[in-house]
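K.L.:
no sequence for this one, just the structure:
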């Protein structure tokens with residue numbers, strides 16, 4: 001049976017995930033590479049014609065998120081969910097959760113569903129209320145801790161490309177990162193990701209949001225961080241293949 005590996009121009013159709021595949025190989029763990037390649041091609045087709053604010057093809061984002069997830073040594077379904085995490089939200093009419101479930105299984109569909117619901121949290125005009133809603137949502141929807149790990153990876157990559165966003169969006173992202181994402185990453189043992197997010201934030205010139213978030217930081221640790229760590233302990237057996 002002939003398996004196509006090049007497009008009409010002769011280019012390797014999997015060239016966009018060379019780094020991802022190399023990262024997976026370096027872990028020394030077993031992954032279903034065929035399933036991951038299928039998820040990549042599926043996401044690439046769905047996101048065709050979509051672009052990031054930076055001008056890059058949109059598929060570059062889920063691939064980058066999948067690379068971060070791979071670096072955390074999460075399992076095959078987590079990698080697939082990272083590649084597919086924006087498809088249901090951003091490709092309406094092209095796919096849906098039942099289709100994701102049919103093509104990639106219940107586990108991937110469940111992860112994508114959790115990630116999609118995280119995107120759908122309503123934005124509050126008051127920053128304090130928005131942060132509180134975001135925190136509650138994280139704790140309530142973290143039945144599978146892999147959803148949180150993928151979402152944290154998504155946030156880290158978005159931080160890397162924050163410079164193209166408007167000032168108000170950058171400020172809110174800075175507050176979210178310091179108040180919710182960074183402390184949660186720290187509690188889940190992802191100190192390197194936490195530190196990297198803060199370094200990016202400072203380098204991007206978000207000192208205002210950084211200082212404001214530092215002022216509020218202790219309250220997060222009292223209310224949410226211990227619960228986040230408990231979720232990680234309960235879900236730890238799902239992280240690796």
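P.N.:
Perfect, I can see it now. Model, not experiment: these values are computed from the prediction. Residues are numbered from 1 along each chain as shown.
K.L.:
Using the record's domain definitions, break the protein down for me.
P.N.:
Annotated domains of the chain cover 15-120, 124-241 [automatic domain parsing].
K.L.:
And the strands in the chain?
P.N.:
Along the chain, counting by DSSP state E, no stretch forms strands.
K.L.:
so where's it uncertain?
P.N.:
Residues of the chain that meet the criterion pLDDT under 70 lie in 1-10, 119-127, 130, 137-142, 163-165, 191-241.
K.L.:
all helices of it, in order?
P.N.:
Counting by DSSP state H, one finds helices in the chain at the ranges 18-27, 33-46, 60-71, 76-84, 87-90, 97-104, 106-119, 127-140, 145-160, 167-176, 182-187, 191-203, 207-220, 226-235.
K.L.:
Could you say which of those is packed most deeply?
P.N.:
helix 76-84 (a mean of 28; mean count of other C-beta atoms under 10 Å). In short, each C-beta sits where N, CA and C put it, glycine included.
K.L.:
Could you list the residues in contact with that helix?
P.N.:
Contacts with helix 76-84, where a contact means C-beta atoms under 8 Å, 6 or more residues apart in numbering, come from 20, 24, 31-32, 35-36, 39-40, 42-43, 62-63, 65-66, 68-70, 100, 104-105, 107-108, 111-112, 115, 146, 149-150, 153-154, 239, 241.
K.L.:
So residue 85 versus residue 29, what's the distance?
P.N.:
Distance, residue 85 to residue 29, by C-beta to C-beta, to the nearest Å: 21 Å.
K.L.:
Comparing the two, which shows the higher neighbour count?
P.N.:
With neighbours defined as other C-beta atoms under 10 Å, residue 85 and residue 29 compare such that residue 85 has more, 28 against 14.
K.L.:
Let me see the contact set for that one.
P.N.:
62, 65, 111, 112, 115, 116, 150, 154.
K.L.:
Throw those residues into CSV and include distance to residue 94, thanks.
P.N.:
Converted to CSV, these look like this (distance: C-beta to C-beta, whole Å):
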residue, distance to residue 94
62, 15
65, 19
111, 19
112, 14
115, 17
116, 14
150, 21
154, 20
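K.L.:
so which of those residues would you say is closest to residue 55?
P.N.:
Nearest to residue 55, judged by C-beta to C-beta, of those is residue 62 at 16.7 Å.
K.L.:
Was I right to think the closest one contacts residue 47?
P.N.:
Yes: in this structure residue 62 lies within contact range of residue 47 using C-beta atoms under 8 Å: 7.4 Å.
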